[in-house]
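Novice: I would like to see how this sequence folds:
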Amino acid sequence: MIDELKNAKDNAMGKGKETIGQKMNNDNLELKGKLQTMKSQAGDKMTNMKDEMAEKANYVIDWMKPDKKGNK
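Specialist: Coordinates of the predicted model:
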């Protein structure tokens, strides 16, 4: 949850910097905005990968547990 909020903040801030940089003809600020937006997108992908890995690990753990009848 915290990662998603950080990524959303970075995305919003990056878009804002990019827009202001374009309007003010400031290539440096525009580039910083684009990089911050890309950082948020990469963070979103990492968060999704972590969630998928945890889900698959839990599936394997549940699969390995013996059922109530004593079977593996």
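Novice: now do the helices in this protein.
Specialist: Shown for the chain, the helices assigned by DSSP state H span residues 2-23, 27-64.
Novice: deepest of those, which one?
Specialist: Most buried of the helices of the chain by mean neighbour count (mean count of other C-beta atoms under 10 Å) is helix 2-23; its value is a mean of 15. In this view, the C-beta of every residue, glycine as well, is placed from N, C-alpha and C.
Novice: look up phi and psi at Asn26.
Specialist: phi -110, psi 100 (degrees, to the nearest 10).
Novice: and Asp3, how close does it get to Ser40?
Specialist: Using C-beta to C-beta, to the nearest Å, Asp3 is found at 10 Å from Ser40.
Novice: what's the answer for Met46, then?
Specialist: From Met46 to Ser40 the distance is 11 Å (C-beta to C-beta).
Novice: what touches both of these two?
Specialist: Here Met46 and Ser40 have no joint contacts, going by C-beta atoms under 8 Å, 6 or more residues apart in numbering.
Novice: most centrally placed residue in this structure?
Specialist: The residue lying closest to the centre of the chain (C-alpha atoms, centre = their mean) is Asp44, at 1.6 Å.
Novice: that residue against Asn7, yeah?
Specialist: Yes - between Asp44 and Asn7 there is a contact at 5.1 Å, judged by C-beta atoms under 8 Å.
Novice: just to revisit the earlier point, export the helices of the chain to a markdown table and tack on mean pLDDT?
Specialist: Formatted as a markdown table, these follow (pLDDT from 0 to 100):
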| stretch | mean pLDDT |
| --- | --- |
| helix 2-23 | 95 |
| helix 27-64 | 95 |
